[in-house]
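Asks: I would like the atomic coordinates for the input below:
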Amino acid sequence: MCPQWFGNLVTMKWWNDLWLNEGFASYVSYLGANSAEPTWNITDLIVLNEVHGAMSVDALASSHPLSAKEEDIMRPEQISELFDSITYKKGAVVLRMLSEFLTEPVFARGLSVTTHLPMKTSGSDWVLANTKVSGFFRVNYDDSNWERLLTQLSTDHEAIPVINRAQIVDDAFNLASTILALRTTLFLQREREYMPWQTADRNLGYFFLMFDRSDVYGPMQAYLNKQVTPLFNHFKTITADWTKIPEKHTDQYNQVKAISIACSTGVAGCQELTTGWFKDWMNTPENNTQLLNLTLVYLNYCLDPEKIRKQDATFTIVYIAGNVVGQSLAWDFVRSNWDHLFNDYGGGSLSFARLIEGITKRFSSEFELKQLQQFIEENAEQGFGSATLAVDQALERTKANMKWVAENKGDIFTWFTLNSA
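Replies: A predicted model of the protein is given here:
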């Protein structure tokens, strides 16, 4: 419903202000869902779904402003390139920030107001900025205040609002030292809320991308096993040994998160639980199909619209690339078939940027950088259409990944080893 109004009935003058369509539609969708189901706390989830994602992309030098000059957006591929995280996610959170500052009724009337920095203090113990994450900015603290916040999290984490517990983790991983950031995950042994767990899991996901092919992987898995086991047992208890559905909406999300992390890190009883569910599902006649390792088959299906529709092909390739084994297969497939994909599927396709981002996000070695540079050189003449910015970001991100791994791998290995015991 939101895009029908913000974009269809009310439309910007030209594509350079696309964010006014998509940003408003994204933001108002949360308001609508919250109005329909106020107990679900949907408006809090905008921090996880939009704020953190927008900040990750906006931190790149190859990011772009929300609004561009009209004369800079004239070709179809330039228009398609705008359908990205900055337009959707940053557009939504900037509008949310304005609404928080102005209050929703005033914001709705389109008035202006001087902004302020929301703060919360707890005596002389610690200072917390950006309460409710109402502003689109990150917060770094001096060492002493970080230590006080870590002490508070370790002793009584619920004294800090849940939305800010999540933001402390996200800010630390993006602004503080790597070891300090990892220390913000220690309190998760006692955390039962979804937002901090989801934030930590997403940030640690980067560590897995960088280290799931190295000797850091084992200690990292052992640490997460230790941290998630109490959460897994918590849901086992409140669901009467997995026979009931949690009442709270975000608890339903967190139950899925707990099971996912627990099974991937080898928590006792998790794989037996999910294997039993899968067997029950397979015993249903309509689900009783043969499951084979069809990775390469599905990649080749992406070239045949009769097998996989063109609009679904890039999602299939990116999904395969999300697996540590499938990533290299997907990358080789795209390099070998780029001409076909680009020319037959259209260089202006909205999903080409997602394809490049999804395949290259694990790149962190000199070999992968050289492969990426060679891929760019070989296809420079025809260009990359709507994926042009994504290719620049992939180069930037790969170099940043290499630098980060070189600087932090040793310390991270030691920290996970010490804290997994």
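Asks: Go through stretch 65-73 and flag the buried ones.
Replies: Buried residues in stretch 65-73, counted by 16 or more other CB atoms under 10 Å: 66, 68, 73. Bear in mind the C-beta positions are built from the backbone N, C-alpha and C, glycine included.
Asks: The longest helix along the chain: which residues count as buried?
Replies: The longest helix of the chain (DSSP state H) is helix 388-419. Within helix 388-419, the residues that count as buried by 16+ other CB under 10 Å are 388-395, 397-398, 401-402, 404-405, 408-409, 412-413, 415-417, 419.
Asks: Can you give the domain ranges for this structure?
Replies: Split into domains by automatic domain parsing, the chain comes to 2-108, 117-184, 211-291, 295-419.
Asks: closest one to A200 among those domains?
Replies: domain 117-184 (5.2 Å; CB to CB).
Asks: Which residue ranges of the stretch 51-200 of the chain form strands?
Replies: For the stretch 51-200 of the chain, the strands defined by DSSP state E, counting those that start in this stretch occupy 119-122, 126-129.
Asks: Could you measure from the spatially most central residue of the chain over to V228?
Replies: Central residue of the chain (CA atoms, centre = their mean): G53, 5.4 Å from the mean position. Distance of G53 to V228, given as CB to CB, to the nearest Å: 23 Å.
Asks: Also V93?
Replies: On the measure of CB to CB, V93 and V228 end up 29 Å apart.
Asks: before we move on, what about S99?
Replies: 35 Å.
Asks: Name the residue in those two with the higher neighbour count.
Replies: Neighbours were counted for S99 and for V228 using other CB atoms under 10 Å; V228 has more, 25 against 17.
Asks: so who does that one touch?
Replies: 188, 258, 261-262, 265, 267 (CB atoms under 8 Å, 6 or more residues apart in numbering).
Asks: for the stretch 1-150 of the chain, which spans come out with low pLDDT?
Replies: Along the stretch 1-150 of the chain, the model assigns pLDDT under 70 to residues 1-10, 107-124.
Asks: the helices in it, which residues?
Replies: 2-5, 19-36, 46, 52-58, 76-81, 85, 91-102, 104-108, 143-156 (DSSP state H, counting those that start in this stretch).
Asks: Deepest-packed of these, please.
Replies: helix 46 (a mean of 22; mean count of other CB atoms under 10 Å).
Asks: which stretches of the stretch 301-421 of the chain form helices?
Replies: Under DSSP H, counting those that start in this stretch, the stretch 301-421 of the chain gives helices at 310-321, 326-345, 352-360, 366-378, 388-419.
Asks: picking that back up, in a markdown table, list the helices of the stretch 1-150 of the chain along with distance to D339.
Replies: Formatted as a markdown table, the helices of the stretch 1-150 of the chain follow (distance: least, CB to CB, whole Å):
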| stretch | distance to D339 |
| --- | --- |
| helix 2-5 | 34 |
| helix 19-36 | 31 |
| helix 46 | 40 |
| helix 52-58 | 28 |
| helix 76-81 | 16 |
| helix 85 | 28 |
| helix 91-102 | 34 |
| helix 104-108 | 49 |
| helix 143-156 | 51 |
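Asks: so which of the ones you listed comes closest to T316?
Replies: Nearest to T316 among these is helix 76-81 (19.7 Å), distances taken as CB to CB.
Asks: Can you spell out which helices and strands pack onto the closest one?
Replies: Under the contact definition 3 or more CB pairs under 8 Å, 6 or more residues apart in numbering; DSSP states H and E, helix 76-81 sits against helix 388-419.
Asks: my read: R96 touches I46, true?
Replies: Yes - taking CB atoms under 8 Å as the definition, R96 is a contact partner of I46 at 6.2 Å.
Asks: shared neighbours of those two, which are they?
Replies: Joint contacts of R96 and I46 (CB under 8 Å, 6+ apart) are Y27.
Asks: so Q152 makes contact with I160?
Replies: Yes - counting by CB under 8 Å, Q152 touches I160, with 6.2 Å between them.
Asks: Surely R213 is in contact with V324?
Replies: Yes - assessed by CB under 8 Å, R213 is found in contact with V324 at 6.6 Å.
Asks: Who's the closest spatial neighbour of F333, skipping the chain neighbours?
Replies: Closest residue to F333 apart from its sequence neighbours, by CB to CB, 6 or more residues apart in numbering: L299 at 4.6 Å.
Asks: residue contacts, the one you found?
Replies: Contacts of L299 by CB under 8 Å, 6+ apart are 316-317, 320, 329-330, 333.
Asks: try it again with 10 Å
Replies: Neighbouring residues of L299 by CB atoms under 10 Å, 6 or more residues apart in numbering: 308, 313, 316-317, 320-321, 326, 329-330, 332-334, 336-337.
Asks: Which positions within whatever helix or strand it lives in qualify as buried?
Replies: Taking DSSP states H and E as the criterion, L299 maps to helix 295-301. Across helix 295-301, burial judged by 16+ other CB under 10 Å covers 298-299, 301.
Asks: Equivalent analysis for stretch 213-221, please.
Replies: For stretch 213-221, by 16+ other CB under 10 Å, it's 216-217, 219-221.
Asks: Now do the same contact list for the closest residue to E366 other than its chain neighbours.
Replies: Leaving out its chain neighbours, the residue that sits closest to E366 by CB to CB, 6+ apart is M402, at 6.9 Å. Taking CB under 10 Å, 6+ apart as the contact definition, M402 lies against 210, 363-366, 368-369.
Asks: what's the spacing between M402 and S364?
Replies: Counting by CB to CB, the gap from M402 to S364 is 6 Å.
Asks: intersection of neighbour lists for these two?
Replies: In contact with both M402 and S364: M210, using CB under 10 Å, 6+ apart.
Asks: For the domains of the chain, give me a markdown table that also has distance to W197.
Replies: A markdown table is the format used below for the domains of the chain (distance: least, CB to CB, whole Å):
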| stretch | distance to W197 |
| --- | --- |
| domain 2-108 | 10 |
| domain 117-184 | 9 |
| domain 211-291 | 5 |
| domain 295-419 | 17 |
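Asks: what's the closest of those to T199?
Replies: Short answer: domain 117-184, nearest of those by CB to CB, at 4.2 Å.
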